[in-house]
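Peer 1: sequence first, then the predicted structure:
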Number of protein chains: 2
Amino acid sequence: MSIQQRRERDRAQRHQLIIDTARELAEAEGWEAVTTRRLAERIEYSQPVLYSHFAGKDAIVAAVAEQGFAELAARLAAARAAAGDPPGAFAALAGAYCAFAYANPARYDAMFTMASELPFGTADSPAALKAAFAELAQVFGRVADAAEAEAFTEIAWASLHGLVMLTRGGRLRPGLQEQRLDLLVRRLLRESPPAG
Amino acid sequence: MSIQQRRERDRAQRHQLIIDTARELAEAEGWEAVTTRRLAERIEYSQPVLYSHFAGKDAIVAAVAEQGFAELAARLAAARAAAGDPPGAFAALAGAYCAFAYANPARYDAMFTMASELPFGTADSPAALKAAFAELAQVFGRVADAAEAEAFTEIAWASLHGLVMLTRGGRLRPGLQEQRLDLLVRRLLRESPPAG
DNA sequence: AGCTGAATCCTAGCACCGCTAGACATCAGA
DNA sequence: TCTGATGTCTAGCGGTGCTAGGATTCAGCT
């Protein structure tokens, strides 16, 4: 019995090791460097071991994405806890969202660009996805009319996502991220520009 | 001399044929179906012919992207010509932008997701890129203060891009694209919700 | 018309990819 | 100590982007 438990524990550890190694390799050298051969070499096992844990490479990317959503949810929750009134919380979450995306580009790509078949908004969505979206909705819905709360959450999220993607793609003028984020937040909140 | 001209003309035609075939194949079966072998088969030449026209597959994708920007610029110009006052033109361009993205997803992916090394905002950017961005800036800059015109153009563009990407990725509730786009436009224009 | 040099094209193959069948080694339990 | 099951690895499949080198075609000259 204890032997069985030890085996399952070791297996779970190796499972997580694969996910962590894939994420680290992607973050260091980009996802194109994450091949099953290099990944197997890094974890010091052969390729078939990967397939005893995951159905394929896509499943490994999906696992990285799912844990990325969990991490994002945690960052958003922390930002919410530290924020004040609804507009301030909205700005804080927007900043935390962008900070996460810029700090973990490979993870963010796994979440949004690569894992396109992760079920979203359905009953069988991973809990981490629901948690991250719930964090956004909880704060974003508070700065919109109730009838528009869901739609506003979606467009605010989409705007942040687009800002992240175009910025990272070198499509926007460099060095002005903060100004753009500030302007976007003010427009979404329908605030007038600050005096002066 | 005339023979030389005919050869150059044939070569230019084949160059364009490669780009069109790649785009059509991607639009029909996705970019993962666009392999150099299938592409060569479609144009009825062998693979090395592709490399006599382009440095590699990435260059073919970049060519599709560049012509996509030219097409987008044309659509935006048409929308601008048909629009009225600045706010109306802003809404019209936003609609035209999304319509283009939804109608040509593979081309849009080539422009924004795959061709990440297309030079943007620099002197050696392809003319089509400058033209498309200029179309956006011309209309978007008119609904913002002069000091904010460039930043506003960027965040509006980014918001549209994010809306397109999340919608296409199945991340947002289906069937409500128009409501979301309308809400986004109103927020960016700092308009109040319509009465009733 | 027939030859020649150059331009063009294709065949075959490289290293790499994701993935897997089947041989091999290891280890818990009788 | 033996045995069966579990776990792992070696080797290989079909596919990818890309390219070297031989074969072919063709324009221009005698």
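Peer 2: Alright, I've got the coordinates. Numbers count the residues shown, from 1 in each chain, chains lettered A, B, ... in the order given.
Peer 1: and for stretch A:31-42, what's in contact with it?
Peer 2: Contacts to stretch A:31-42, defined as C-beta atoms under 8 Å, 6 or more residues apart in numbering or on different chains, come from residues A:18, A:21-22, A:25-26, A:46-47, A:49-50, A:57, A:60-61, A:106, A:109-110, A:114. C-betas here are computed from N, CA, C, even on glycine.
Peer 1: what is the nearest of these to DNA strand D?
Peer 2: Using C-beta to the nearest atom of the strand, the shortest approach to DNA strand D within the contacts of stretch A:31-42 belongs to A:S46, at 3.5 Å.
Peer 1: now that closest one. Its backbone dihedrals?
Peer 2: According to degrees, to the nearest 10, the main-chain angles of A:S46 amount to phi -90, psi 170.
Peer 1: ok, A:Y97 next?
Peer 2: Summarising the backbone geometry of A:Y97 under the convention degrees, to the nearest 10, its torsions are phi -60, psi -50.
Peer 1: per-residue confidence at it?
Peer 2: Confidence at A:Y97, expressed as pLDDT, is 98.
Peer 1: ok, longest helix in chain A?
Peer 2: For chain A, the helix that runs over the most residues, judged by DSSP state H, is helix A:2-29.
Peer 1: in that helix, what counts as buried?
Peer 2: Counting neighbours by 16 or more other C-beta atoms under 10 Å in any protein chain shown, one finds that the buried residues in helix A:2-29 are A:14, A:18-19, A:21-23, A:25-27.
Peer 1: check stretch A:156-173 too.
Peer 2: Of the residues in stretch A:156-173, those scored as buried under the neighbour-count criterion (16+ other C-beta under 10 Å) are A:156-167, A:169, A:171-172.
Peer 1: can that stretch be said to contact chain B?
Peer 2: Yes - in terms of C-beta under 8 Å from any C-beta of the partner chain, part of stretch A:156-173 sits within range of chain B, namely A:157-167, A:169-173.
Peer 1: next: stretch A:105-120.
Peer 2: Yes - applying C-beta under 8 Å from any C-beta, one finds stretch A:105-120 touching chain B at A:112-113, A:116, A:120.
Peer 1: give the rounded mean pLDDT of that stretch.
Peer 2: Averaged across stretch A:105-120, pLDDT comes to 90.
Peer 1: then it to PDB, C-alphas only?
Peer 2: Extracted in PDB, the C-alpha atoms of stretch A:105-120 (Å, rounded to 0.1, in the frame of the first residue of the first chain):
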ATOM      1  CA  PRO A 105       4.700  35.800 -22.300                       C
ATOM      2  CA  ALA A 106       5.200  32.100 -23.100                       C
ATOM      3  CA  ARG A 107       2.600  31.100 -20.500                       C
ATOM      4  CA  TYR A 108       0.200  33.800 -21.800                       C
ATOM      5  CA  ASP A 109       0.700  32.400 -25.400                       C
ATOM      6  CA  ALA A 110      -0.100  28.900 -24.100                       C
ATOM      7  CA  MET A 111      -3.300  30.300 -22.600                       C
ATOM      8  CA  PHE A 112      -4.500  32.300 -25.500                       C
ATOM      9  CA  THR A 113      -2.700  31.600 -28.700                       C
ATOM     10  CA  MET A 114      -1.900  27.900 -28.600                       C
ATOM     11  CA  ALA A 115      -4.500  26.200 -26.400                       C
ATOM     12  CA  SER A 116      -7.400  27.100 -28.600                       C
ATOM     13  CA  GLU A 117      -9.400  24.000 -27.800                       C
ATOM     14  CA  LEU A 118      -9.500  24.500 -24.000                       C
ATOM     15  CA  PRO A 119     -13.200  24.500 -23.300                       C
ATOM     16  CA  PHE A 120     -14.300  28.000 -22.200                       C
END
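Peer 1: got the residues of chain A near chain B?
Peer 2: For chain A, the residues in contact with chain B under the definition C-beta under 8 Å from any C-beta are A:112-113, A:116, A:120-121, A:145, A:148, A:150-152, A:154-155, A:157-167, A:169-173, A:176, A:179-180, A:183-184, A:187-188, A:190, A:192-193.
Peer 1: strands - which of the residues you listed land there?
Peer 2: Among the residues of chain A next to chain B, no member falls in strands (criterion: DSSP state E).
Peer 1: before we move on, back to that, now distance to B:P86 and neighbour count too, for the residues of stretch A:105-120 next to chain B, in TSV please.
Peer 2: Compiled in TSV, the residues of stretch A:105-120 next to chain B are given as follows (distance: C-beta to C-beta, whole Å; neighbours: other C-beta atoms under 10 Å in any protein chain shown):
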residue	distance to B:P86	neighbour count
A:F112	33	21
A:T113	34	16
A:S116	37	14
A:F120	36	18
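Peer 1: which of the buried residues of stretch A:156-173 lies closest to chain B?
Peer 2: Closest approach between those and chain B, by C-beta to the nearest C-beta: A:G162, at 2.5 Å.
Peer 1: list the residues that contact the closest residue to the closest one other than its chain neighbours.
Peer 2: Spatial nearest neighbour of A:G162, chain neighbours left out: B:G162 (2.5 Å); criterion: C-beta to C-beta, 6 or more residues apart in numbering or on different chains. For B:G162, the contact set (C-beta under 8 Å, 6+ apart) comprises A:157-165.
Peer 1: how many neighbours does A:A70 have?
Peer 2: Residues near A:A70, counting by other C-beta atoms under 10 Å in any protein chain shown, number 15.
Peer 1: nearest residue to it other than its sequence neighbours?
Peer 2: Nearest non-adjacent residue to A:A70 (C-beta to C-beta, 6+ apart): A:A128, at 3.9 Å.
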